[in-house]
Structure formats: C-alpha cells, structure tokens
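J.: got a predicted structure plus its sequence, pasted below:
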Amino acid sequence: MKKLFMISILSLLMAASVFSVSKKKYGKEITVKEATKISEIIANPEKYDGKRVMVKGPIVDVCKERGCWIKIGSDKEFESIRFKVDDGVIVFPLGIKGMTTAAEGIISVKKYSVEELIKSGEEHAKKEGTKFDASTVKEPKIVLQIKGEGALVDGK
C-alpha cells in the first residue's frame, strides 16, 4: 500500500513538473525562425530600424499600469530593450517578470533632440509632481523599442 501511495505521489510530481514549463502565447504567432541578439540591435540601431526581428531573453520589467510592454534583458549585462504593444491588444501580467521570452516585432529607432528631451522631462515632472533639471540633458538620445506583435513566455 505504501509503495502504491509513493508511486502515485511521484507520478503527480512528474506531471506537475511537465506542465510547469509550458509556454504561454501572447498575441500573434512567432514567424521569425532565428533570434537576433539584443546587443547587436543596440550596437547597430540604424541597421535594424523598420526590420522584423525575434529576440530572446529574460523579462526584467513589466508595465505596471496596463501591461502594455515588457522589458527584455540582453545577452550583455546592463542592456535591455522594450517590447511595446498597442494598449489592450496584449496585456502582460506582472507575474511574468523573471521568466524568459521569445518575442517578435518591428524595430523602431527614434532620435530625440535636446529640446525634445527637455520638453518631455518638464512635462513628465509636472505630471508626477516632481522637479526636473534641464541642465542634466546634454546630448540627443536614441530610443530603441520593438513594436510588439507576439511573444511566447516560459511558464516556470
């Protein structure tokens, strides 16, 4: 009887481990077969602007307001890229932070002038009720993101 009980428990544990590594699909199917390194995109933004890519990496942050973006960690330390979807099209739950993803979309490269950055910083500070020091903005900035279409998230 004890042996049957132990076999039953082990069977349940093995089944639970199989189901715990399932992938959850968000949005469209992924069609790009080969992953592009996030570090390569960051190093050569103009080369990838407007191109469809699939990237893989850990989810290091999730939009807390609408679940409309995730930040995917690079293959290089301290690098990441934002994977942004249209509000309401895909809603990423906060609980996926720390999991890994394969995500597909179109690279967007936007260059902001010093004037645009100052204006944006002032607007953000006003909205948040904080102070903004315009003298901290010294040079233009390039912002990269992926206009997200679909993602597979490992459910661990």
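T.: Looks like it arrived, so ask away. Numbers count the residues shown, from 1 in each chain.
J.: Gly105 - that's part of a strand, no?
T.: Yes. Per DSSP: H, G, I helix; E, B strand; the rest coil, Gly105 lies within a strand segment.
J.: got the contact list for it?
T.: With contact taken as CB atoms under 8 Å, 6 or more residues apart in numbering, Gly105 is in contact with Arg52, Val53, Phe83, Ile146, Lys147, Gly148, Glu149, Gly150. (Each C-beta comes from the backbone N, C-alpha and C, glycine too.)
J.: the chain: helices as residue ranges?
T.: Counting by DSSP state H, the chain has helices at residues 2-20, 38-43, 45-48, 114-128.
J.: and the contacts of the shortest one?
T.: Read that as helix 45-48. Looking at helix 45-48 with CB under 8 Å, 6+ apart, the contacting residues turn out to be Thr36, Glu40, Ile41, Ile107, Val109, Ile142, Leu144.
J.: again, 10 Å this time
T.: For helix 45-48, contacts defined as CB atoms under 10 Å, 6 or more residues apart in numbering pick out 36, 40-42, 106-111, 142-144, 146.
J.: pull out the buried members of those.
T.: Neighbour counting by 16 or more other CB atoms under 10 Å classes Thr36, Ile41, Ile42, Ile107, Ser108, Leu144, Ile146 among these as buried.
J.: hmm, which two among those are most spread apart?
T.: Spatially, the most separated pair among these is Thr36 and Ser108, at 14.4 Å (CB to CB).
J.: can you redo the buried ones among the contacts of helix 45-48 as TSV with pLDDT and distance to Gly95?
T.: Below are those laid out as TSV (pLDDT from 0 to 100; distance: CB to CB, whole Å):
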residue	pLDDT	distance to Gly95
Thr36	98	27
Ile41	98	27
Ile42	97	27
Ile107	98	27
Ser108	97	27
Leu144	96	26
Ile146	98	21
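J.: buried subset of the contacts of Gly105?
T.: Among the contacts of Gly105, those classed as buried by 16+ other CB under 10 Å are Val53, Phe83, Ile146, Gly148, Glu149, Gly150.
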